[in-house]
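In: Fold the following, please.
(2 chains)
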Amino acid sequence: MKDTFHVGPSLAVKFVAGDQLLCAVGPFLHIYNVTKNRLIHKVRIFKRNKVHGIAVSEDKLAIYGGKSVSLVSWEQLTGANDVSNLEHLSPEWIVSTEFDVTGQNVFLLTCYNMVLVVDFASGDVLQRNSLPNERSILYSGSIKVLDRDHVLVNAGTVMGGIIVWDLHTGTQLWNLLGHEGSIFYVTVSDNGKYVASCSDDRSIRLWDTFTGKELSLAWGHTARIWNLKFFDNDTKLISVSEDCTCRIWSVEHTAEGIELIAADTFEVHLTKNVWGVDVNEEKMIAATSGNDGRIKLIDLKQTTRMADEMEQFDIKAIEIHCNVRFAAGEIIKGFHCFEFGIVALTSGGHVLRYTFADKSWVLLFTDQRFLSYSITNGVTVASHNVVIFSNNNCDLLLVKFTDRGKIVDQGKALKVTGLAKTTNVMCTTGDKAEVIYVTVESPNPRDNFVILAIDSSTLEVIDRFNYGKPDSFVSSCVTVLDHYILVGSRFSTVAIFDLFNCAKNGVYRIDDLNIGDTTTSIEHVETKQCRHLFSVTNRDGYYSFLAIKFDNGISHEVIHSNKTVKGFLERAFYNDEGDYVTYGFKSRLFYMYNESKCYEIMHHMCGGAHRQWGLYPVGVKEYILVYIKASQLHVLRIHKPRVPEFLTAGLHGREIRDLSICPRARATNENEYLFVTGSEDTSIKLNTVDKLTGEVTTFWTERRHISGLQRTRFISDDLLISCSALEELFLWRVDDTFARGPYIHMLQSLPVATLNPDLRIMDFDVKFTASGSFILATVYSDSSIKMWHYDNESNNFNVCVETRYKTCCILNTRLIQFRDHLFLLITATDGHAVIYRVEQDNDDALPNGLAPVVSQRIHQSGVKAVDVKVTESTLTLYTGGDDNGVCVSVFQSVPAPAAGGFPGFELSRSEFAHSIASATVTSCQLFDKGSKLLTTSIDQIVRVWDASDDELPLKLIESQYTTIADTGCCDVVQGDSIVLIGGVGLSTWNM
Amino acid sequence: MGKSSKDKRDLYYRKAKELGYRARSAFKLLQLNEEFHFLDDLERVVDLCAAPGSWSQVLSRKMFDEAEGDVQGKKIVAVDLQPMSPIDNVTTFQADITHPKTLSRILELFGNEKADFVCSDGAPDVTGLHDLDEYVQQQLIMSALQLTTCVLKPHGNFVAKIFRGRDIDMLYSQLGYLFKSVVCAKPRSSRGTSLEAFIVCLDYQPPANWSPKLDNNVSVEEFFHDCFVGINKLSLGDDSQLPEWHESVRTVAPFISCGGLDSFDSDATYHLDEGDMAKIEKSLDPVQSPTNPPYKRALELKRSGKLSSCV
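Out: The predicted structure is shown next:
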């Protein structure tokens, strides 16, 4: 067995010269070139322990974690893939390390407030310094080398005090009191003036090193703070927290004295915990690392990140600039932004242009038709920049601009006849650059819904299409593909208008895509085998992917559905990296979010959703956000990131509770397998693993569950089920046919028993009946057992059996086909395995009861994991328990006692291997056609047992330490010897 | 312990309230005792990390209320850094278990006699870093153990809460040096989903040539240095070098599940009828008021909207 890939908590990051970042990844260090976004080197530092911190002095490194420490040169580190032969042990847990001024000696601060002075070259312990009577355990501490004679040791106690002592004199300088609870981090500024600290009380305090006085008390983080660092010549402090944010504080001299002022907040990691932080002060880049395994970079130069080109104009300034008089109360009613600048229309009918090149406003013309109610749309197609103004009186005015913003002619005015009023006009362009499609909507339901095809060079109407207006239809967004115009509407509706068919049946309508209201965008993503894939967003935060077929009449299928983290969703698109990016508003912010990798790209305080606004792509990966706030027009340029946004994306921020690999290789790449992970963080992730490299890539994070996941399992090549507390059980379908990646859609949820469900669904199993339908068994925390029939035609679950084991919690279940009969196995917290016969009127009928066949105690307490091998005449149960043991129980089939009776089982042999692990056995899985058994346990040892014959006891073939803590689940790619191990993180193993 | 709707359905929570225990953990000690009977015939006991005091309550009831013979001279000491409300027949010390003064106060109360039984249900703040949390818990046990070695009479018993994690087998092997029998026990009242278990150490037999002495200039590791010298090669004492990494000695303690199968299952969801629920709502107020967490002020600020996700 060999581990090939690992993602899990990263506890430390450290910048070194030459744009390189050292990242602690379990017992490994990964070295990245930050500017090139490239992983340069991976090296194992420790055998078992995780790397907790790194100190650097020129080409020397002191790396520590737990009791382990390694003193290595840069050359040793980069010259090998494994330097764990250099691992040494300290007598106690190491809290911090630092080099002295010469770089020759290393200080190790232990959790009992002792400093070992170690010679770097020889490893000799030169001194042991401690402070008398201050040897209580520390969670945190640091060493600050000010000069040769002044070295401060800062010990964060568990009782709220910070003891600052002088290493050389062994005397206490201060016991800084003010915090409550354990001190989780303490650091000293480079100039030695300040101590900064944080504790369980969630505050950050700044202290004067020379007087011991508390200078400032800062609040902001909503959970515990784990790390602090001064930067920018000690004028700023960066903090990271359990609340997943990283915050910047400025150390300011105010009238009150010296204060810590909140300056910036970044949401950087997934629930929960950000552990490591460092700053490259030369480049002003921060790096953070978290429990999710992500290495995130933050551009600290606000000016390059965004907002350096924040411009704002009030109507007065524009008036002066254009040298015109606006009417009293005249406001900007609409605008559109092109590469050259902005075209705006006022409530007085003034058409204005702002050009970015010379930063000037010009009044282009005034049109009295667009006085009060007006809508401004714009489109850029080929080199035509076209603005379309419309009013509620069926007037359209089309104006064309050159790339430099010069108006091409006086514009094309037209009247849309046959409509009482026009309340909404939208435009779009398709592949055919010469045509602009304009939709015109009247509020009168008896009026037609009109689509105009307009020649983009002459602005002449080429064609007009009239459709009977669909019921309850309020158009909100539009796109075109070939001769189909897709229009989104309120009530979560999409209507497809076939330009070749204006009859009533020419409109195809998709209703209730999700429980949200207004459809905010429809985008064509790709087309494969005549299936056209569209991304559809809904303002209430939902998004879906629709696979639409246009041949033989229009048909559609929802292949993906999800909800964003929070806020209003206005649009989404795939970026150059193939990541799905969403944007919209949350409370008073505008946000852009990378949905594939789950991180916020930017946010901007714009006041909230209710305003005129637009986001316009310009150049390469840049955007301009234009909005109106307090009657001012704001223009914000959102730059292409100066630094990579992350070096590695990470996975779940909390424990992975279950994982399951799709039984078949990917349709689009035979070296890859799809798999799902279900986590304590309540999300399910759809990922792929590369069987050659072991590398894992995440595509989607599904947020349907509201409680931590219990089980997730593929039940067929494209169906999977997940379950959790609150009686949540969802059936999902995976679609892996498109090039962009796989998609996942929830087909159905299991009906719940009560209005206020509080049972945990502990496990489930299925048995397929004919035609894609299946029998589902679910087991619950209140000892109940239910069987259901899922009918794939009607997409419905119907309960057929409800019974109860005892009163204890059931942990596992399996449906077992034995010869002609179906049996149900359960295991529970009382250490028992029980086999029931599933009663059916005939073989094809639905279950109508469960009859216990055999009940056997096989473990002392909870049976945590089970796998089953079925032979001609026996059932063999392989179980792992809370009692640290693995049990093999062979049940022999017993013939039916009489004609018309049923066969049963009795225990023929069983072998309990006790103490095979030093902690709970959490999963067991047969593989290699049932000849081997893989077990995981909390002691972080993965074991492979010979299960080839039924000879007992099991023989251990191999065992190996895994770096994944809280090891809880595993799955094997049958036949391809890839193993995934999940817990706090995930690792890929090659057998 | 507060009360949430989840607690209300927890049968051990309800039973604790009905029987006047300050926490459901009382049942853990009772179920351990059902298996090991270490609470029979006790004269002097020490309850470490005792707050809020449910184990002391159990000890008080067993040694005094349910005692048949003479209770004169029986002593229970409960020690915790946190304050604790009084319990009948229990002397409470708000003190640090690692401090020599605490030891002298206990011995003074015991009239310089040693204890028959020491227990600890303590757990530190959990950070979420598994290795650190496990280490700190083991250090807490070792802190309790160092006081125990100074206060426990030979053949006495020691029980402490553990978390069964990666390095628990290292702790087992260390404890094996001090006690004849070391068992990992899990009462049914401890949730199966939790790593919590209890180490039951029976028959204290300290190494003959080792005399423990509490000294607050000595770390826990240093305290046991001479005791574990046979198993721990981390002999820094006179060595001038950090030792190379080596695998620690590990022993797996036998596992025993305690509390009969007829006792309540702490992982199960029990159904209560409306009458039960009404009764809980009405009468079962927390016996012990919730403690003031260090982040109380932060919670107040958060509730008043002063802490936010953006500047």
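In: residue boundaries of the strands in chain B?
Out: B:44-48, B:75-80, B:90-94, B:115-120, B:152-163, B:179-187, B:196-204, B:255-258 (DSSP state E).
In: just checking, what packs against the second one?
Out: It stands for strand B:75-80. strand B:44-48, helix B:54-60, strand B:90-94, helix B:100-109 (3 or more Cβ pairs under 8 Å, 6 or more residues apart in numbering or on different chains; DSSP states H and E). The C-beta positions use only the backbone N, C-alpha and C, and glycine is treated the same way.
In: Quick one: those as a markdown table, columns for mean neighbour count and distance to chain A too.
Out: Output for those, formatted as a markdown table (neighbours: other Cβ atoms under 10 Å in any protein chain shown; distance: least, Cβ to the nearest Cβ, whole Å):
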| stretch | mean neighbour count | distance to chain A |
| --- | --- | --- |
| strand B:44-48 | 28 | 15 |
| helix B:54-60 | 26 | 22 |
| strand B:90-94 | 18 | 13 |
| helix B:100-109 | 16 | 11 |
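In: Mean pLDDT for these - can I get that in JSON lines?
Out: Formatted as JSON lines, the helices and strands packed on strand B:75-80 follow (pLDDT from 0 to 100):
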{"stretch": "strand B:44-48", "mean pLDDT": "97"}
{"stretch": "helix B:54-60", "mean pLDDT": "97"}
{"stretch": "strand B:90-94", "mean pLDDT": "96"}
{"stretch": "helix B:100-109", "mean pLDDT": "95"}
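In: Need the winner for burial among the strands of chain B.
Out: strand B:44-48 (a mean of 28; mean count of other Cβ atoms under 10 Å in any protein chain shown).
In: And for residue B:86, the neighbour number?
Out: 9 (other Cβ atoms under 10 Å in any protein chain shown).
In: So which residues on the stretch 551-700 of chain A come close to chain B?
Out: Contact residues (Cβ under 8 Å from any Cβ of the partner chain) of the stretch 551-700 of chain A with chain B: A:589, A:603, A:605.
In: For the last one, give the beta-bridge partners.
Out: If I follow you right, that is residue A:605. residue A:589 (DSSP bridges).
In: Please tell me the pLDDT value assigned to residue A:904.
Out: Predicted confidence (pLDDT) at residue A:904: the value is 87.
In: One more: the one 5 residues further on?
Out: pLDDT, the model's per-residue confidence, is 90 for residue A:909.
In: what's the closest non-adjacent residue to it?
Out: residue A:890 (4.5 Å; Cβ to Cβ, 6 or more residues apart in numbering or on different chains).
In: That neighbour pairs with what?
Out: With DSSP bridges as the rule, residue A:890 is bridged to residue A:876, residue A:909.
In: Quick check: it touching residue A:876?
Out: Yes - taking contacts as Cβ atoms under 8 Å, residue A:890 lies within contact range of residue A:876: 5.0 Å.
In: Tell me which residues touch the closest residue to chain A within the stretch 201-311 of chain B, please.
Out: In the stretch 201-311 of chain B, the residue that lies nearest chain A is residue B:294 (2.8 Å; Cβ to the nearest Cβ). Contact analysis of residue B:294 by Cβ atoms under 8 Å, 6 or more residues apart in numbering or on different chains lists A:160, A:179, A:180, A:181, A:182, A:199, A:200, A:201.
In: if I look at the last one, how far off is chain B?
Out: Computed with Cβ to the nearest Cβ, to the nearest Å, the distance linking residue A:201 and chain B is 4 Å.
In: try the third one
Out: Residue A:180 sits at a distance of 4 Å from chain B (criterion: Cβ to the nearest Cβ).
In: go on, residue A:508?
Out: Distance, residue A:508 to chain B, using Cβ to the nearest Cβ: 42 Å.
In: Once you drop chain neighbours, what's closest to residue A:718?
Out: residue A:734 (5.0 Å).
In: which residues sit in contact with the one you found?
Out: By Cβ under 8 Å, 6+ apart, the neighbours of residue A:734 are A:662, A:674, A:686, A:718, A:719, A:720, A:742, A:743, A:744.
In: Spell out which helix or strand contains it, please.
Out: strand A:729-735 (DSSP states H and E).
In: Pull that strand out as PDB, backbone CA atoms only.
Out: Taking Å, rounded to 0.1, in the frame of the first residue of the first chain, the C-alpha atoms of strand A:729-735 are listed here in PDB:
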ATOM      1  CA  LEU A 729     -32.500  11.000   2.700                       C
ATOM      2  CA  PHE A 730     -32.000  12.100  -0.900                       C
ATOM      3  CA  LEU A 731     -31.700  10.200  -4.200                       C
ATOM      4  CA  TRP A 732     -29.300  11.900  -6.700                       C
ATOM      5  CA  ARG A 733     -28.500  11.200 -10.300                       C
ATOM      6  CA  VAL A 734     -25.100  11.900 -11.800                       C
ATOM      7  CA  ASP A 735     -24.700  12.900 -15.400                       C
END
